[in-house]
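Enquirer: Sequence unavailable; structure follows:
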């Protein structure tokens, strides 16, 4: 069982926000941490829309 997912925004074949979206469909209670040095694709508001929590 997975207790936490730590992902980067920039990955081969899938972005971190897409991975988060897919994971939370399967497990809405799963904590996900999205890390990035910089991204024009995501900011705090977008992360919260995806289901990211404080």
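Expert: Noted; the coordinates are in hand. Please read these numbers as outputs of a predicted model, since none were measured by experiment.

Enquirer: ok, so what distance separates residue 4 from residue 22?
Expert: Residue 4 sits 16 Å away from residue 22, going by CB to CB, to the nearest Å. Placement of C-beta: from N, CA and C, glycine included.

Enquirer: Over to residue 33?
Expert: Distance from residue 33 to residue 22, by CB to CB: 16 Å.

Enquirer: next one: residue 13
Expert: From residue 13 to residue 22 the distance is 12 Å (CB to CB).

Enquirer: Pick out whichever of those two has more residues nearby.
Expert: When residue 13 is set against residue 22 and neighbours are counted by other CB atoms under 10 Å, the residue ahead is residue 22, at 10 against 5.

Enquirer: you'd agree that one is in a strand?
Expert: No: checked against DSSP: H, G, I helix; E, B strand; the rest coil, residue 22 lies outside a strand; its state is helix.

Enquirer: Centre-most residue in the chain?
Expert: residue 20 (3.6 Å; CA atoms, centre = their mean).

Enquirer: Give me the pLDDT for residue 35.
Expert: pLDDT, residue 35: 87.

Enquirer: ugh, typo on my part, it should be residue 20
Expert: Looking at residue 20, the pLDDT reads 95.

Enquirer: looking at it, it is touching residue 51, isn't it?
Expert: Yes: the pair residue 20 / residue 51 is scored as a contact, 7.0 Å apart, by CB atoms under 8 Å.

Enquirer: shared neighbours of these two, anything?
Expert: Common contact partners of residue 20 and residue 51 (CB atoms under 8 Å, 6 or more residues apart in numbering): residue 32.

Enquirer: Return the helix or strand in the chain with minimum mean pLDDT.
Expert: Ranking every helix and strand in the chain by mean pLDDT, DSSP states H and E puts helix 44-49 at the bottom, with a mean of 86.

Enquirer: who touches that one?
Expert: 17, 34.

Enquirer: for the chain, what are the low-confidence residue spans?
Expert: By pLDDT under 70, the chain has no low-scoring segment.
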